[in-house]
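1. Below: sequence and its predicted model.
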Amino acid sequence: MRPSEAATDMSSKNLIRAPEFPANFTWLNTDKPLSLRALRGKIVLLDFWTYGCINCMHVIPDLHKLERKYEKELVIIGVHSAKFSNEDESQNIRNAMLRYNLQHPILVDEKMKVWDAYAVNAWPTLVLIDPEGRVEGSVAGEGNYDILDQTITKLVRQFGAKGEINTTPVSFALDAAKVPNTPLWYPGKVLADAEDNRLFIADSNHNRIVIADLEGHVEAVAGTGVLGLQDGGFAEATFSNPQGMALRRTPNGDLTLFVADTNNHAIRALDLKRGTVTTIAGTGQQASLRAQGGTGTRAALSSPWDLQLIGDTLYIAMAGPHQIWALDLNSKVVIPYAGSGGEARRDGALRDAALAQPSGLTTDGKHLFLADSESSSIRAVDLPGNGFEVRTLAGGGDEGSNLFAFGDVDGEGGKVRLQHPLGVAYNNGVLYVADTYNHKIKTLDPRMGSIQTFLGGGRGDAEGAQPQFYEPGGLSVAGDNLYVADTNNHKIKVVNLTTKQTSTLTLTNLPAAQPAEPEHPVRPAVEDNIITLPVANLAPNTQGELVLDVKLPANHEINPAAPQRLQARAEGQGITLTKTTVAAGQFNLPLRLPFTSGKAGEKGAAVVSTTIYYCSHDKGLCKVKSLRFRAPFTVQDGGTAKLTLHAQL
């Protein structure tokens with residue numbers, strides 16, 4: 001599962017017939033089984049993946065790009081060939097598919113029969129099949145977008161010239177359209193703060209941070225719900241799958257919440273007093289293999305998953321390169337701290353030891369404790385002044401590259417078997433472990449390396465004295481309570497550590513999340529309309545305005561309490577927008593955005609996405625509508641200074 005160097009060629013000299021899919025296998029994201037025979041005339045890309053693999057996650061943006069670029073010629077099919085036993089269940093795969101926003105069919109590869117038929121030996125592997133049903137070639141690992149793009153372009157030209165390619169777009173019945181709304185959507189991590197009576201929730205698939213008190217009353221929300229990497233006020237900032245968090249207090253009482261913005265490959269800082277979000281590390285692009293860090297927003301990161309603050313150093317569980325990194329909050333320098341970058345469970349000196357997708361961090365002040373998910377083990381990393389070693393406390397089997405020693409066995413040291421743990425929390429000498437794929441919370445004595453099941457057993461959503469969990473991902477302790485991000489149940493559970501009584505935290509005053517961008521919604525809440533306007537003529541070198549003029553139905557008005565949204569951008573050349581977003585409290589119709597037009601002869605388009613919440617005067621019935629406009633223009637003498645976007649709801 002180690003990412004490979006990007007391939008330079010994937011063409012096969014002797015093309016073979018692609019093996020057909022087995023009959024009677026389970027399919028997701030489609031209302032009927034697919035066959036390669038029925039897909040003749042299409043280019044088919046098979047993505048062999050397993051859902052806990054970070055390298056498989058890194059391939060997903062490339063798949064989205066290819067889906068958009070070749071929507072007429074290409075069909076992508078995910079072949080889920082499971083590593084962990086928990087990953088072999090269709091319902092668990094379906095949850096992962098929704099978490100990752102996959103928009104193509106998924107074949108559940110029972111007993112890895114398709115994997116074997118295609119002679120695959122690594123996750124991820126991508127196999128390209130030409131319109132005649134023959135294997136063009138394959139590549140393993142991440143970072144192969146360019147060679148895939150070049151080969152698909154070649155096939156489009158080759159078969160298009162012969163009239164042997166089917167350019168009719170294919171649509172599928174996506175499972176995301178069938179999912180009901182929930183207040184939280186796959187929350188990944190949680191951070192409880194007893195001192196200020198606050199709870200921070202990474203509402204990961206709503207792309208936002210929920211800030212509440214420990215009783216569940218929501219005080220603020222950072223992030224609009226739209227996928228993005230935008231700084232600014234809480235009401236306009238954007239995230240992409242935020243996960244772990246850490247809280248910092250200054251002597252003057254200021255509070256800063258640091259967030260691992262995982263899919264943005266960035267660290268964000270939330271000023272809780274001013275209500276602002278700032279990116280402090282990461283470029284927004286995934287770091288290359290063996291990256292060594294840098295300073296602030298010039299330093300590329302790779303899938304930061306959890307955080308632990310100690311003094312002025314923010315330690316980062318960098319899942320992508322299988323390392324722990326350290327960010328000096330004063331100098332903003334961020335560099336690897338532990339882990340060689342190889343994916344394995346190997347103990348030893350800090351930079352010689354090998355980790356395997358670290359995904360959870362906590363501390364006793366002398367050591368970092370980490371959930372090393374792909375080795376299914378709990379590791380300890382010495383902090384400065386306390387040693388220079390990495391060692392395994394429990395789980396993982398024999399030391400080395402073996403990443404398949406998993407299961408559900410309590411005990412001590414190497415006899416322990418866990419299954420892809422994602423969360424850890426230290427409290428009063430006890431390490432609480434989210435044994436994620438076993439759907440359990442376990443306790444570990446760091447001195448003895450002994451693990452015992454604390455709560456859970458069997459996937460479910462039960463509460464009370466015998467609770468159940470469904471892939472819990474994050475843990476945090478405040479006072480006598482353990483807060484659990486019960487990820488696949490879309491809930492935060494509260495466990496009394498003395499009685500073990502467990503309840504679901506009820507969140508009050510939590511606004512609905514805004515839908516993501518229409519091209520790739522994380523979870524569509526409404527049907528999006530794409531409105532393309534006629535080409536307008538704009539006067540050159542003019543101060544103009546972009547006007548959103550949406551007419552509401554009679555006896556309706558904007559809901560002032562709802563999170564209205566607008567985002568605008570310019571394509572091509574010809575206008576410069578001086579404002580691209582509007583805060584919810586400033587959203588009034590018609591809405592005007594100023595721009596400066598360019599020189600004569602330039603062409604482009606204004607693209608505006610908006611979500612409007614509105615209510616009827618009489619019945620109090622509230623509705624939501626998302627719209628997307630594309631307003632093309634040409635800059636020429638005699639043109640206007642206004643672009644108006646009209647719509648009637």
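-> Right, received. Where do you want to start? Numbering: from 1, shown residues only.
2. what ranges do the strands span in the stretch 251-400 of the chain?
-> Secondary structure of the stretch 251-400 of the chain (DSSP state E, counting those that start in this stretch): strands at 255-261, 266-271, 276-281, 294-295, 304-310, 313-318, 323-328, 333-338, 348-349, 358-363, 367-372, 377-382, 389-395.
3. Any chance of JSON lines for the ones you listed, columns mean neighbour count?
-> No exception for glycine: its C-beta is placed from N, CA and C like everyone else's. Shown next, in JSON lines, are the strands of the stretch 251-400 of the chain (neighbours: other Cβ atoms under 10 Å):
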{"stretch": "strand 255-261", "mean neighbour count": "24"}
{"stretch": "strand 266-271", "mean neighbour count": "23"}
{"stretch": "strand 276-281", "mean neighbour count": "20"}
{"stretch": "strand 294-295", "mean neighbour count": "16"}
{"stretch": "strand 304-310", "mean neighbour count": "24"}
{"stretch": "strand 313-318", "mean neighbour count": "25"}
{"stretch": "strand 323-328", "mean neighbour count": "22"}
{"stretch": "strand 333-338", "mean neighbour count": "21"}
{"stretch": "strand 348-349", "mean neighbour count": "14"}
{"stretch": "strand 358-363", "mean neighbour count": "26"}
{"stretch": "strand 367-372", "mean neighbour count": "26"}
{"stretch": "strand 377-382", "mean neighbour count": "24"}
{"stretch": "strand 389-395", "mean neighbour count": "24"}
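4. Figure out which of these is closest to G223.
-> Shortest separation from G223 across those is recorded for strand 276-281, at 7.7 Å, computed as Cβ to Cβ.
5. residue contacts, the residue lying farthest from the centre of the chain?
-> Among residues of the chain, the one most distant from the C-alpha centroid is G638; the distance is 47.2 Å, by Cα atoms, centre = their mean. Taking Cβ atoms under 8 Å, 6 or more residues apart in numbering as the definition of contact, the neighbours of G638 are 537, 539.
6. tell me the SS of it?
-> Each residue gets one of three states, and G638 gets coil by DSSP: H, G, I helix; E, B strand; the rest coil.
7. follow-up on the earlier one: now the strands of the stretch 251-400 of the chain in a markdown table, please, with extra columns for mean pLDDT and distance to G474.
-> Rendered in a markdown table, the data for these read as follows (pLDDT from 0 to 100; distance: least, Cβ to Cβ, whole Å):
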| stretch | mean pLDDT | distance to G474 |
| --- | --- | --- |
| strand 255-261 | 97 | 11 |
| strand 266-271 | 97 | 17 |
| strand 276-281 | 96 | 20 |
| strand 294-295 | 96 | 28 |
| strand 304-310 | 98 | 8 |
| strand 313-318 | 98 | 12 |
| strand 323-328 | 98 | 17 |
| strand 333-338 | 98 | 21 |
| strand 348-349 | 98 | 29 |
| strand 358-363 | 98 | 7 |
| strand 367-372 | 98 | 10 |
| strand 377-382 | 98 | 15 |
| strand 389-395 | 97 | 19 |
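8. Now tabulate those in a markdown table and tack on distance to R630.
-> A markdown table is the format used below for these (distance: least, Cβ to Cβ, whole Å):
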| stretch | distance to R630 |
| --- | --- |
| strand 255-261 | 28 |
| strand 266-271 | 29 |
| strand 276-281 | 28 |
| strand 294-295 | 37 |
| strand 304-310 | 34 |
| strand 313-318 | 38 |
| strand 323-328 | 40 |
| strand 333-338 | 39 |
| strand 348-349 | 56 |
| strand 358-363 | 40 |
| strand 367-372 | 45 |
| strand 377-382 | 50 |
| strand 389-395 | 52 |
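9. of all those, which lies closest to N402?
-> Of all those, strand 377-382 sits nearest to N402, with 11.1 Å by Cβ to Cβ.
10. if we can go back for a sec, of the strands of the stretch 251-400 of the chain, which is nearest L505?
-> Of these, the one closest to L505 (Cβ to Cβ) turns out to be strand 255-261, at 18.5 Å.
11. mind listing what that closest one pairs with, with the direction of each?
-> Each strand that strand 255-261 pairs with, and the sense of that pairing, follows from DSSP bridges: strand 242-249 (antiparallel), strand 266-271 (antiparallel).
12. Run through who's touching the first one.
-> Applying Cβ under 8 Å, 6+ apart, the set of residues contacting strand 242-249 from outside is 188-189, 191, 193, 200, 202-204, 207-209, 223, 255-262, 268, 304-309, 314, 317, 329, 360-361, 474.
13. just so I know, which of the strands paired with strand 255-261 lies nearest Q419?
-> Counting by Cβ to Cβ, Q419 lies closest to strand 242-249 out of the strands paired with strand 255-261; the figure is 19.3 Å.
14. What is the least confident helix or strand in the chain?
-> Counting by mean pLDDT, DSSP states H and E, the weakest-scoring helix or strand in the chain turns out to be strand 529-532, with a mean of 69.
15. what's the following helix or strand after it?
-> Scanning forward in sequence from strand 529-532, with DSSP states H and E defining helices and strands, the next element found is strand 536-538.
16. Do a quick rundown of the strands in the stretch 451-600 of the chain.
-> Assigned by DSSP E, counting those that start in this stretch, the stretch 451-600 of the chain shows strands spanning 474-478, 481-486, 491-496, 502-504, 529-532, 536-538, 543-551, 556-558, 565-572, 575-577, 591-597.
17. so which of those strands gets nearest S35?
-> In this view, the strands of the stretch 451-600 of the chain are compared for proximity to S35 by Cβ to Cβ, and strand 529-532 is the closest at 31.7 Å.
18. Any stretches of the chain with poor pLDDT?
-> For the chain, residues meeting the criterion pLDDT under 70 lie at 1-14, 401, 514-530, 561-563, 617-622, 624.
19. For the residue positioned nearest the centre of it, which non-adjacent residue is closest in space?
-> Among the residues of the chain, the one closest to the centroid is N241, at 3.5 Å (Cα atoms, centre = their mean). Nearest residue to N241 in three dimensions, chain neighbours excluded: N263, at 4.1 Å (Cβ to Cβ, 6 or more residues apart in numbering).
20. Can you give me the neighbour number for the one you found?
-> Neighbour count for N263, taken as other Cβ atoms under 10 Å: 23.
21. Format the strands paired with strand 255-261 as TSV; extra columns: distance to S138.
-> Compiled in TSV, the strands paired with strand 255-261 are given as follows (distance: least, Cβ to Cβ, whole Å):
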stretch	distance to S138
strand 242-249	31
strand 266-271	32
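22. I'd like to know which of those is closest to H439.
-> For H439, the closest of the strands paired with strand 255-261 is strand 242-249, at 19.2 Å, according to Cβ to Cβ.
23. What are the buried residues along the closest one?
-> Of the residues in strand 242-249, those buried under the neighbour-count criterion (16 or more other Cβ atoms under 10 Å) are 242-247.
24. Could you double-check that G232 lies in contact with R274?
-> No - because the distance of 11.0 Å does not satisfy Cβ atoms under 8 Å, G232 is recorded as not touching R274.
25. which of the two has more neighbours?
-> Shown here are G232 and R274; by other Cβ under 10 Å, G232 has more neighbours (15 against 11).
26. what's across from L361 in the sheet?
-> With beta bridges defined as DSSP bridges, L361 has these partners: L370.
27. I'd say G460 and P472 touch.
-> No - proximity of G460 to P472 does not meet the contact threshold set by Cβ under 8 Å, at 11.7 Å.
28. so what sits against both of the two?
-> When contacts are counted by Cβ under 8 Å, 6+ apart, G460 and P472 have H439 as shared neighbours.
29. So between those two, which is more surrounded?
-> Neighbours were counted for G460 and for P472 using other Cβ under 10 Å; P472 has more, 29 against 14.
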